[in-house]
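>>> below is the structure, and that's it, no one-letter string:
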């Protein structure tokens, strides 16, 4: 009796990777019990950079919305946390939960404005919106105006009674941030629509995919998740200002570098891009401007030699997928082959 055809998501490479990644993830989760505060801060920073890169990759790599204004939602999430805890005396965990829907709600009217633009005009429009938010924050006295806001010791004690516990909790929250959300979304019905839009927007529209609605949902969702990440980032930093919260260099340029270098339109790419960026920063930060020049040179070389990024080059050459989000049909062996 021959085995029937079946539909699978996992590949041999993804199963092998899962077997290796599972104990590594357990070790990272247990880091507060065996590592020091320096390692937790570094890995926590890597985690929220991966989260931001995955969200930007979801927006640009799948939905085709190349935004250079996502720092707006990082700043909005951070300011929401500081205002709710400092001015309204709301519990810090409840304020974190409110940061995401606040950023998502703000993104709805913004989307109706910037979605009228296309291509480079859309990118410039999102940057202008972010600058408007930054200037507004610098003029509002209750938000600290240009000097910003700081978290008080009483607010920090709501996170944990001591610094070690606070560092551990913030590390674990960073580690479990938006990466899982992106992966689950890409495996859903909307994920299939996004994959279709990524491959060919006209073809996906002809097959019944509502491209405008899908892009709007993704824009609002990524804004909400980015707001949550922003709140977590500035909960760690303990202080926020318009320059820090709405910094295009820290929260968008670096993230775009990670996605482009690693491989846009793939889940694996932002992980690789983040590792490349962190290694370059740790090894070459002492060289000042030469470090930035080298990063730019690496980006140019990768875009010329491997336009689809490092992971895209690996996929094209070896057809390997560590995070398969599509489905594939496995055919039953033919009777002649079984004989």
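Structure's in. What do you need? Keep in mind that this is a model prediction, so the values were computed, not measured. Numbers count the residues shown, from 1 in each chain.
>>> in stretch 137-156, which residues are buried?
By neighbour count with 16 or more other CB atoms under 10 Å, stretch 137-156 contains the buried residues 137, 138, 143, 144, 148, 149, 151, 155, 156. Backbone N, C-alpha and C define where each C-beta goes, glycine included.
>>> ok, residue 56 to residue 144 distance?
Look at residue 56 and residue 144: by CB to CB, to the nearest Å, they are 28 Å apart.
>>> swap in residue 200?
For residue 200, the distance to residue 144 (CB to CB) stands at 47 Å.
>>> flag the shaky bits of the chain, pLDDT-wise.
Applying pLDDT under 70 to the chain flags the ranges 1-9, 178-192, 325-339.
>>> center of it, which residue is that?
The chain has residue 52 as the residue nearest its centroid, 2.4 Å off, counting by CA atoms, centre = their mean.
>>> who are the neighbours in contact with that residue?
Residues in contact with residue 52 (CB atoms under 8 Å, 6 or more residues apart in numbering) are 70, 74, 178, 226, 229, 251, 255.
>>> quick one: it from residue 45, how far?
Residue 52 sits 11 Å away from residue 45, going by CB to CB.
>>> now do residue 148
20 Å.
>>> hang on, residue 117 packs against residue 129?
No: counting by CB atoms under 8 Å, residue 117 does not reach residue 129; the two are 10.7 Å apart.
>>> this protein - how does it break down into domains?
Domain segmentation of the chain under automatic domain parsing yields 14-246, 253-320.
>>> buried stuff in the longest helix along the chain?
Assignment by DSSP state H gives helix 211-237 as the longest helix of the chain. Residues of helix 211-237 classed as buried by neighbour count (16+ other CB under 10 Å): 211, 214-236.
>>> ok, stretch 85-99 next?
Residues 85, 86, 90, 92, 95, 96, 98, 99 are the ones in stretch 85-99 that count as buried (16+ other CB under 10 Å).
>>> where do the strands sit along this protein?
6-8, 149-150, 239-240, 328-330 (DSSP state E).
>>> so how far is the second one off the chain centroid?
When you say that, I think you mean strand 149-150. With CA atoms, centre = their mean, to the nearest Å as the basis, strand 149-150 stands 25 Å off its chain's centre.
>>> same deal with the third one?
Remark: strand 239-240 is offset 21 Å from the chain centroid, using CA atoms, centre = their mean.
>>> partners of it, with directions?
strand 149-150 (antiparallel) (DSSP bridges).
>>> ok, back up a step: who's more crowded, residue 117 and residue 129?
More neighbours surround residue 129 than the other of residue 117 and residue 129, with 19 against 13 (other CB atoms under 10 Å).
>>> what's the distance between that one and residue 111?
Noted for residue 129: a distance of 10 Å to residue 111, by CB to CB.
>>> count of neighbours near residue 100?
23.
>>> thought it was touching residue 76?
No: assessed by CB under 8 Å, residue 100 is found out of contact with residue 76, at 10.3 Å.
>>> so what sits against both of these two?
Shared contacts of residue 100 and residue 76, counting by CB under 8 Å, 6+ apart, come down to residue 227.
>>> can I assume residue 84 is in contact with residue 90?
Yes: if you go by CB under 8 Å, residue 84 and residue 90 touch, sitting 4.4 Å apart.
>>> common neighbours of the two, please.
Shared contacts of residue 84 and residue 90, counting by CB under 8 Å, 6+ apart, come down to residue 98.
>>> contacting residues for residue 63?
By CB under 8 Å, 6+ apart, the contact list for residue 63 reads 194, 197, 198, 214, 215, 218, 219.
>>> and the spatially closest residue to the first one that is not a sequence neighbour, how many neighbours does it have?
Leaving aside its chain neighbours, residue 194 sits nearest to residue 62 (4.1 Å; criterion: CB to CB, 6 or more residues apart in numbering). When neighbours are counted by other CB under 10 Å, residue 62 registers 27.
>>> OK, contacts around the residue lying closest to residue 67 once chain neighbours are set aside?
Distances taken as CB to CB, 6+ apart place residue 126 nearest to residue 67, at 4.2 Å, with adjacent residues excluded. In this structure, residue 126 makes contact with 67, 68, 69, 70, 72, 114, judged by CB under 8 Å, 6+ apart.
>>> ok, now with 7 Å
For residue 126, the contacting residues are 67, 68, 69, 114, by CB atoms under 7 Å, 6 or more residues apart in numbering.
>>> what subset of the residues you listed is buried?
Buried by 16+ other CB under 10 Å: 67, 68, 69, 114, out of those.
>>> which of those fall in helices?
Per DSSP H, helices hold the following members of the buried ones among the contacts of residue 126: residue 114.
>>> and the two most separated of the buried ones among the contacts of residue 126?
The distance between the two most remote of the buried ones among the contacts of residue 126 (CB to CB) is 11.1 Å, for 68 and 114.
>>> how about the contacts of residue 63, which pair is most distant?
Taking CB to CB, the two most distant members of the contacts of residue 63 are 198 and 219; they sit 15.1 Å apart.
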